[in-house]
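build me a structure from this.
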Amino acid sequence: MAEITAAMVKELRAATDAPMMDCKKVLVEADGDMAKATELLKERGIAKAAKKADRVAAEGLAGFKIADDYSKATVVEINSETDFVAQNEGFKNLVKATTEEIFNTQPVDIETLMASPFADTFRAAVAKIGEKIEVRRFATLEADATTALNGYIHSNNRIAVVVTAKCDSEKTAEGMRAVLKQVAMHASAMKPTTLSYKDFDADYVQSETVGRIEVIKKENEELSRLKKPLKNVPRYISMSQLSDAVLAEAEAAIKAELTAQGKPEKIWDKIIPGSIARFISDNTTLDKEQALLDQTYVLNDKLTVAEAVSEAAASLGGTAEITEFIRLEVGEGIEKVVGDFAAEVAAQVG
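I've put the predicted structure just below:
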């Protein structure tokens, strides 16, 4: 039996772009014969798939699996190069099998998944399909007896969401599952990027504030030219900026305006709360766009998601608070390369 050195593995990897572990495996099988090892990689589709590494896989499907007892749920994104392949039954079956594998074995990351015995099944399917396919990301959420869990996968199989909420009792947790499915559907449509405004980085909020104000100012220039009503230019965009001092200043301005309008002080307590609520609403646009708990709930636009969940739990005689959610959308954040088909053909025949 020939000794398989690190240098041999490195040489084979350089020649085929195949993963290190696969290179070592075939070299052992080929007793150190580099040519035979290369052929083994090609036969198994490993080298072929690896050579597609420079292509962009931005299409694909999401996978979703939830336990019958709602104790855990897994979401997966698997990418392909084209939407045509994403609709292939072989690809759909691969997504289903991969989701099942991750749900059952719970690998810590993609590297662990692709170092497991399942990797051979995955690569064989990729070789048969004949296109670059990769597991981009996955996550699993779990629930104990007093944690409600549910999820949703959109009908196009490109968006998958899982949501959990901590409840006061097992009874409340069980009753909140249906509500969490509705919240997952909300998240699918409204695209929150974080749970709460409290998660935002201060520098991010500041840069967004400057950018959003400038956009509104430019829009107002055009509205002014067209002699149309101007949009309100907010000073703030997140609850994280609305300190006690800011809110006190806003209340003082409201009182000054009521005084100027000649409104008697005895009715101020009926006006000020609504005016403060409008001030907060006008100055928290970032939260309402990106933070799940602070978004206006699609099933009741008079409530935020957090308020809707709290109200639903109260109707069950308990309490519930969303603690975590995961939303995967296929291709999100991937920059697609727009190819020049004519140039590609010319390059191939030239």
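
quickly find the element holding L328.
Secondary structure assignment for L328, by DSSP states H and E: strand 320-329.

note down every partner strand of that strand and its orientation.
Strand pairing for strand 320-329, using DSSP bridges, gives strand 159-167 (antiparallel).

beyond the strand it pairs with, next helix or strand please.
The first helix or strand that comes after strand 159-167 along the chain, using DSSP H and E, is helix 170-175.

report the buried residues of that following helix.
Neighbour-count burial for helix 170-175 flags 172-173, 175 (criterion: 16 or more other Cβ atoms under 10 Å). To be clear about C-beta, it is placed using only N, CA and C from the backbone, and glycine gets the same treatment.

ditto for stretch 121-139
Using 16+ other Cβ under 10 Å as the test for burial, stretch 121-139 gives 122-123, 125-127, 129, 131-136, 138-139.

those in helices, which ones?
Secondary structure defined by DSSP state H assigns 122-123, 125-127, 129 of the buried residues of stretch 121-139 to helices.

any chance of CSV for those residues, columns pLDDT and distance to C167?
As requested, those are arranged in CSV below (pLDDT from 0 to 100; distance: Cβ to Cβ, whole Å):
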residue, pLDDT, distance to C167
F122, 95, 38
R123, 92, 43
A125, 92, 40
V126, 91, 42
A127, 89, 47
I129, 88, 43
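
sorry, back to before: of all the buried residues of stretch 121-139, which two lie farthest apart?
When Cβ to Cβ is used, the two most widely separated members of the buried residues of stretch 121-139 are A127 and A139, lying 27.3 Å apart.

quick check, nearest of the buried residues of stretch 121-139 to A18?
In terms of Cβ to Cβ, no member of those lies closer to A18 than R123, at 9.5 Å.

the closest one and A306, how far apart?
44 Å (Cβ to Cβ, to the nearest Å).

same thing with L41?
L41 sits 53 Å away from A306, going by Cβ to Cβ.

the more surrounded of these two?
Shown here are L41 and A306; by other Cβ atoms under 10 Å, L41 has more neighbours (27 against 18).

need the contact list for that one.
Neighbouring residues of L41 by Cβ atoms under 8 Å, 6 or more residues apart in numbering: 12, 16, 18, 22-23, 26, 47.

just the residues you listed: which are in helices?
Among the contacts of L41, DSSP H puts 12, 16, 22-23, 26, 47 in helices.

just send these back as TSV, with neighbour count and pLDDT too.
As requested, the ones in helices among the contacts of L41 are exported to TSV (neighbours: other Cβ atoms under 10 Å; pLDDT from 0 to 100):
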residue	neighbour count	pLDDT
L12	24	83
T16	20	72
D22	24	82
C23	26	85
V26	26	88
A47	22	56
